[in-house]
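Visitor: I'll drop the sequence and a predicted model, then ask my questions.
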Amino acid sequence: MNPTFKPAWWLPSPHLQTLWNPICRQPAQLERQRERLWLADGDFLDLDWHGPHQAEAPLVLVLHGLTGSSSSLYVLGLQQALAAQGWASAALNWRGCSGEPNLLPRGYHSGASEDLAEALRHLRAQRPMAPLYAVGYSLGGNVLLKYLGESGADSQLQGAAAVSVPFRLDQCADRIGIGFSRVYQSHFMRAMVAYVKDKQRLFAHQGLADHLSTLEQLGPLDDMRTFWDFDGRITAPLHGYADAEDYYRRASSRYFLGRIETPSLIIQAADDPFVFRHSLPEASELAPCIEMEVHAHGGHVGFVEGSPRRPGYYLERRIPQWLAAQAATNT
């Protein structure tokens with residue numbers, strides 16, 4: 001437990017903590033440069049760069065969550081905070097999340113560590129002198145921890161931080177269907193179905209019959225209500241999983257934590273409305289290089305502090321501070 005986070009008294013529930021950022025926060029105004037990264041399979045990822053251009057400046061890859069983008073307010077806020085301490089950052093947009101549909105039937109998902117690996121190889125080639133770090137939120141945090149476990153000592157990263165991680169995807173799919181959290185589930189379902197429909201329209205417009213057929217074979221999109229529905233009928237068949245259960249088992253980051261060899265910080269709230277308390281890993285499951293903070297309050301990617309007139313954002317204070325401490329130990 002880290003006592004330096006004091007939740008905002010005026011956001012007393014986990015839902016208010018969760019909803020403040022996307023609904024009420026003013027976005028940071030950043031000058032960013034967009035770069036398109038072409039992937040080995042012919043698809044693309046878009047990166048939005050911010051901060052110093054010096055070859056030796058520490059560089060952070062920032063990974064957004066489900067249905068988010070590089071324009072998510074927590075991403076902008078972190079990029080602003082990193083630049084304030086002289087660090088560069090590149091905010092990754094997962095496939096199809098940068099404002100235009102991606103080019104293949106497949107998309108992004110909670111286990112897409114192969115896309116993260118390509119992005120990190122690209123950053124390492126772009127700035128070989130820069131110490132390299134990564135920060136992931138929610139889905140992005142799950143992908144990051146999975147990648148770290150898979151890559152072991154070869155992660156290319158000096159340090160990593162993950163926030164509000166859905167460690168057990170099956171349990172989180174159950175949790176988000178309970179109580180007020182069903183509001184979030186409905187939001188995600190609308191956005192994810194729209195994501196697939198946008199690609200169907202693109203493929204039809206471009207005359208890509210094979211790609212269109214791949215998506216149409218998944219069946220109708222209008223009667224899906226839960227993550228189990230969507231992941232069973234869309235995510236699993238598009239990405240090489242047998243079914244939703246197989247996807248959840250193979251992509252859940254909780255099973256990779258013991259193999260991580262990169263210094264890592266994990267920040268969670270015990271009252272996260274997307275994650276059961278029992279979904280959080282036990283201390284015995286964590287590799288020795290992992291530091292885990294579990295706060296009593298904070299919601300999902302919330303962690304708002306301060307006053308109504310001057311709200312503060314613990315994640316944007318804590319994560320740059322922690323990364324700077326890692327950098328100091330590596331010099």
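Guide: Received it, and whenever you're ready, just let me know what you need.

Visitor: Which parts of the stretch 201-331 of the chain are helices?
Guide: Applying DSSP state H, counting those that start in this stretch to the stretch 201-331 of the chain gives helices spanning 209-216, 227-230, 236-238, 244-251, 314-329.

Visitor: I'd like those helices as JSON lines, with distance to Ala296 appended.
Guide: Any C-beta I mention is one placed from the backbone N, CA and C, and that applies to glycine too. Shown next, in JSON lines, are those (distance: least, Cβ to Cβ, whole Å):
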{"stretch": "helix 209-216", "distance to Ala296": "43"}
{"stretch": "helix 227-230", "distance to Ala296": "26"}
{"stretch": "helix 236-238", "distance to Ala296": "35"}
{"stretch": "helix 244-251", "distance to Ala296": "27"}
{"stretch": "helix 314-329", "distance to Ala296": "13"}
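
Visitor: Can you say which of those helices is nearest to Gln171?
Guide: helix 244-251 (8.6 Å; Cβ to Cβ).

Visitor: So which residue is dead centre in the protein?
Guide: For the chain, Gly140 is the residue whose C-alpha lies nearest the centre (Cα atoms, centre = their mean; 1.9 Å).

Visitor: which ones are touching the closest residue in space to that one that isn't next to it in sequence?
Guide: Nearest residue to Gly140 in three dimensions, chain neighbours excluded: Leu63, at 3.0 Å (Cβ to Cβ, 6 or more residues apart in numbering). Contact analysis of Leu63 by Cβ atoms under 8 Å, 6 or more residues apart in numbering lists 92, 94, 116, 134-137, 140-141, 143-144.

Visitor: can you pull out the strands in the stretch 151-300 of the chain?
Guide: Here the stretch 151-300 of the chain has its strands, by DSSP state E, counting those that start in this stretch, at 159-163, 264-269, 290-295.

Visitor: Now for Ala125, how many residues are close by?
Guide: When neighbours are defined as other Cβ atoms under 10 Å, Ala125 has 8 of them.

Visitor: Where does it sit, in terms of helix or strand?
Guide: Assignment of secondary structure by DSSP states H and E places Ala125 within helix 113-126.

Visitor: repeat for Leu92
Guide: Assigned by DSSP H and E, Leu92 belongs to strand 88-93.

Visitor: Contacts for that strand, please.
Guide: In contact with strand 88-93 (Cβ under 8 Å, 6+ apart) are residues 32, 35, 45-54, 57-64, 69-70, 75, 78-79, 82-83, 116, 119, 123, 127, 130.

Visitor: now do 7 Å
Guide: 45-52, 57, 59-63, 69-70, 75, 79, 82, 119, 123 (Cβ atoms under 7 Å, 6 or more residues apart in numbering).

Visitor: Stretch 201-217 now?
Guide: With Cβ under 7 Å, 6+ apart, stretch 201-217 has contacts from 101, 104-105, 196, 199-200.

Visitor: Kindly report the same for stretch 104-116.
Guide: Residues from elsewhere that reach stretch 104-116, judged by Cβ under 7 Å, 6+ apart: 39, 41, 43, 45, 94-97, 139, 142-144, 146-147, 150, 166, 169, 195, 211, 214-215, 235, 238-239, 250-251.
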